[in-house]
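Engineer: Could you work out the structure for the sequence below:
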Amino acid sequence: MANIGKLDRRVTIQKRILTKDEAGGIVESWVEVCHSWAEKVEERGKQSEITDADRAENQTQWRIRYKEQFQGLKAASGYRLSYKNEVFDIHHAKEEGRKSTMLLTTLTTEAIA
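Structural biologist: Below you'll find the model as predicted:
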């Protein structure tokens with residue numbers, strides 16, 4: 001069972017929606033799926049150089065209460081987590097315990113000047 005006192009950050013889970021505009025182009029938008037209290041569990045980062053461009057990747061894990069709709073979530077599912085003014089792409093969701101909590105693994109990538 002999760003320590004409820006550690007779920008001290010209010011996050012928003014969003015899903016990507018693709019629609020066509022009047023010109024036939026694809027428009028990406030994000031809709032809120034839910035709000036949840038979360039614990040920021042772990043944060044790791046690394047820097048790499050790909051085709052002459054430096055970038056930093058940060059992996060963060062978040063613990064939230066179990067939500068069945070997120071079972072089996074993968075990077076291609078099109079979900080992200082928003083906390084304050086930061087956005088984290090959800091790459092994996094794993095059930096912990098017996099439908100007690102979920103561990104969401106997120107990834108952010110940014111260019112290094």
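Engineer: CA only for contacts and neighbour counts going forward, please
Structural biologist: Fine.
Engineer: ok, Gly97 to Leu103 distance?
Structural biologist: 10 Å (Cα to Cα, to the nearest Å).
Engineer: out of these two, which sits in the more crowded spot?
Structural biologist: Comparing Gly97 with Leu103 by neighbour count (other Cα atoms under 10 Å), the higher total belongs to Leu103, at 20 against 11.
Engineer: and the more buried one, which of the three is it?
Structural biologist: Following DSSP: H, G, I helix; E, B strand; the rest coil, the label given to Leu103 is strand.
Engineer: helix or strand for the nearest residue in space to it that is not next to it in sequence, which one?
Structural biologist: Distances taken as Cα to Cα, 6 or more residues apart in numbering place Arg63 nearest to Leu103, at 4.6 Å, with adjacent residues excluded. According to DSSP states H and E, Arg63 maps onto strand 53-65.
Engineer: roughly how far is that strand from the heart of the chain?
Structural biologist: Counting by Cα atoms, centre = their mean, to the nearest Å, strand 53-65 is centred 8 Å from the centre of its parent chain.
Engineer: For the closest residue to Ile26 other than its chain neighbours, give its distance to Trp30.
Structural biologist: Counting by Cα to Cα, 6+ apart, Ile26 lies nearest to Lys20, which is 4.7 Å off, once chain neighbours are set aside. Note on Lys20: its distance to Trp30, by Cα to Cα, is 14 Å.
Engineer: which one of these two has more residues nearby?
Structural biologist: Neighbour count, other Cα under 10 Å: between Lys20 and Trp30, Trp30 has more, with 14 against 10.
Engineer: Please list all residues in contact with that one.
Structural biologist: Residues in contact with Trp30 (Cα atoms under 8 Å, 6 or more residues apart in numbering) are 14-17.
Engineer: Give me the neighbour count for the residue nearest to Leu103.
Structural biologist: 24.
Engineer: Kindly report the same for the one 4 residues further on.
Structural biologist: Lys67: 14 surrounding residues under other Cα under 10 Å.
Engineer: SS state for the residue lying farthest from the centre of the chain?
Structural biologist: Ranking residues of the chain by C-alpha distance from their mean position (Cα atoms, centre = their mean) puts Ala23 at the top, at 31.0 Å. Following three-state DSSP, the label given to Ala23 is coil.
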